[in-house]
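Student: The following comprises the amino acid sequence and a computationally predicted model.
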Amino acid sequence: MSRTIHLLCGATCRTGLRKFALLLAAAAALCAQDFDWRLRPRFAPPSVPADNPMSAEKVELGRRLFYDSRLSGNGTQSCATCHRQELAFTDGLAHAVGSTGQLHPRSSMSLVNIAYAPALTWADPNLSDLAPQALAPMFGTDPVELGLKGMEQTLLARLRKEPIYQSLFPRVFPQSADPFTVENVTKALAAFERSIISTRSPYDRYRYDGVEDAISAAAKRGEKLFFSGEKAGCFQCHGGWNFSGPVRFAGGPAVEAEFHNTGLRAFYKAPNNGIERHTGRPSDNGRFKAPTLRNIVLTAPYMHDGSILTLEGVLDHYASGGKAIPNKSPAMRSHKLTPQQRADLIEFLKTLTDVELLRDPRWSDPWKAQR
């Protein structure tokens, strides 16, 4: 990687910014490929920022930080409080609860396959890099999540006292005069989150490995409904192998995130008014990101505000076509299904559960044995 950076620096002088940008993209692809993602065949690695290459030690440092309650102002919560492995890195709540007890206006999104997402949250089209995104829950005040605002030096002092960090930080960031920085904390967290990849569900075995009996006949019928434009039409918002719309990957084309108004409300009020909060456009009122449907059985309650408790309830909403509002997404029309079709569709959604993800030690709490 150091040789790549050297080439990039030289290229700036010789061929200008356009050439530099192309080489920077190539460097990002190298960053992605050097790390052992343990991907199944046919799946490309995620794209990785050139300034934050992946390494096993960086992921391990990020894992420890992810589960460390020293990353909250009052020492009561960690990132894992709202992103629990056994719930596919969600928290089972309609509204996330911060370290001071303040409710978040939205539910905690799953972190599974977040590395492939062109946008990282329900309703901010500007957040596309995991490292700077981590600053929001750590230091944000609207709402308070981890509650570290103004406590940057306190946080770093806490981390410096931990013997494991005294070893890991210098090894992961050897070129830093002082490796204990907020920037390095967020880079390590981003590396860990980027490593959380789910492609081992029964559906993956059926669709990509050709194991015909990996899913039931009912689930196969449900798959056809899911991808049918005339019937359920779910794929129109939850398309692609991640069932979340466009994905970005190493060496792949630039993609834009998609946001949808599903007619859940007649009007959405701030701060829960979708990307309108950031764009200022009334036409963006109520437009939210489509979350991945992988592990969807584990991530109830549903919708951005957790207002629907069950998958059956979600199907009821889409069967109704939602509220009649001008800026509703075109895919939101009445989808009437028979009881058998509804049952088949739910059977298909169940096949998206990656049981191995829920207990994989790569993403488990490393402090648990020490407590």
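Tutor: All right, it came through fine. Everything numeric here is computed off the predicted structure, so don't read it as measured data.
Student: all helices for the stretch 251-371 of the chain, in order.
Tutor: 276-279, 311-320, 339-350 (DSSP state H, counting those that start in this stretch).
Student: The longest one packs against which elements?
Tutor: Taking 3 or more CB pairs under 8 Å, 6 or more residues apart in numbering; DSSP states H and E as the contact definition, the neighbouring helices and strands of helix 339-350 are helix 217-226, helix 311-320. For the C-beta atoms, the positions are set from N, CA and C on the backbone; glycine is no exception.
Student: Nearest the geometric middle of this protein, what residue?
Tutor: Nearest residue to the geometric centre of the chain (CA atoms, centre = their mean): Ile114, 2.9 Å.
Student: For that residue, which non-adjacent residue is spatially closest?
Tutor: Nearest non-adjacent residue to Ile114, counting by CB to CB, 6 or more residues apart in numbering: Glu193, 5.8 Å away.
Student: burial count for the one you found?
Tutor: By the criterion of other CB atoms under 10 Å, Glu193 has 25 neighbours.
Student: what's the answer for the one 4 residues further on, then?
Tutor: The local packing of Ile197 (other CB under 10 Å) involves 24 other residues.
Student: and what of Asn327?
Tutor: Asn327 is flanked by 15 other residues according to other CB under 10 Å.
Student: got a list of what it touches?
Tutor: Applying CB atoms under 8 Å, 6 or more residues apart in numbering to Asn327 gives the contacts 261, 282-287.
Student: out of those, who's nearest Asp354?
Tutor: Arg287 (28.5 Å; CB to CB).
Student: wait, the closest one sits on Gly274?
Tutor: Yes. Using CB atoms under 8 Å, Arg287 is in contact with Gly274, at 4.3 Å.
Student: hang on, the earlier thing: how about the residue nearest to Ile114, what does it touch?
Tutor: Contact analysis of Glu193 by CB under 8 Å, 6+ apart lists 62, 66, 111, 114-115, 130.
Student: now Glu86: how far from Val144?
Tutor: Plainly put, Glu86 is 25 Å away from Val144 if you go by CB to CB, to the nearest Å.
Student: The two: which is more packed in?
Tutor: More crowded of Glu86 and Val144, by other CB under 10 Å: Val144, with 19 against 12.
Student: quick one, phi psi at that one?
Tutor: Main-chain torsions, Val144, degrees, to the nearest 10: phi -80, psi 130.
Student: Please name the bridge partners of it.
Tutor: Thr141 (DSSP bridges).
Student: Run through the residues that contact it.
Tutor: Applying CB under 8 Å, 6+ apart, the residues near Val144 are 98-100, 102.
Student: Could you give me the ChimeraX syntax to select whichever of the residues you listed are buried?
Tutor: The ChimeraX command for the buried members of those (criterion: 16 or more other CB atoms under 10 Å) is given here:
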select :98,99
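Student: Just the ones of the contacts of Val144 in strands?
Tutor: Among those, no residue falls in strands (DSSP state E).
Student: and the residue nearest to Ile114, what pLDDT?
Tutor: pLDDT for Glu193: 98.
Student: And for Leu23?
Tutor: For Leu23, pLDDT reads 46.
Student: can the contacts of Val144 go into a markdown table with extra columns for distance to Tyr165 and pLDDT?
Tutor: Formatted as a markdown table, the contacts of Val144 follow (distance: CB to CB, whole Å; pLDDT from 0 to 100):
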| residue | distance to Tyr165 | pLDDT |
| --- | --- | --- |
| Gly98 | 24 | 98 |
| Ser99 | 21 | 98 |
| Thr100 | 25 | 97 |
| Gln102 | 28 | 96 |
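Student: Pull the most distant pair out of the contacts of Val144.
Tutor: By the measure CB to CB, Ser99 and Gln102 form the most distant pair in these, at 8.4 Å.
Student: Okay, buried residues for stretch 300-309 please.
Tutor: For stretch 300-309, using 16+ other CB under 10 Å, the buried residues are 300-306, 308.
Student: how long is it end to end?
Tutor: Using CA to CA, to the nearest Å, the span of stretch 300-309 from its first residue to its last is 6 Å.
Student: outside of that stretch, which residues touch it?
Tutor: 92-95, 105-107, 122-123, 262, 264, 272, 288, 296, 310-311, 313-314, 317.
Student: try 7 Å
Tutor: With CB atoms under 7 Å, 6 or more residues apart in numbering as the test, stretch 300-309 has contacts from 93-95, 106-107, 122, 264, 272, 288, 310, 314, 317.
Student: Also stretch 362-369?
Tutor: Contacts of stretch 362-369 (CB under 7 Å, 6+ apart): 63-64, 67-68, 80, 85, 195-196.
Student: How about stretch 127-140?
Tutor: So stretch 127-140 is in contact with 49, 52, 71, 114, 118-121, 145-146, 148-149, 186-187, 189-190, 193-194, going by CB under 7 Å, 6+ apart.
Student: Of the residues you listed, just the buried ones, PyMOL syntax please.
Tutor: Buried subset of the contacts of stretch 127-140, written as a PyMOL selection, criterion 16+ other CB under 10 Å:
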select buried, resi 49+52+71+114+118+119+120+121+145+146+148+186+187+189+190+193+194
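Student: could you pull out the helices for the stretch 51-200 of the chain?
Tutor: 56-66, 79-82, 130-133, 135-139, 152-160, 163-172, 182-194.
Student: Reformat the ones you listed as TSV; add distance to Gln341.
Tutor: TSV is the format used below for these (distance: least, CB to CB, whole Å):
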stretch	distance to Gln341
helix 56-66	40
helix 79-82	35
helix 130-133	38
helix 135-139	40
helix 152-160	52
helix 163-172	51
helix 182-194	36
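Student: out of these, nearest to Cys237?
Tutor: Closest among those, using CB to CB: helix 130-133, at 22.2 Å.
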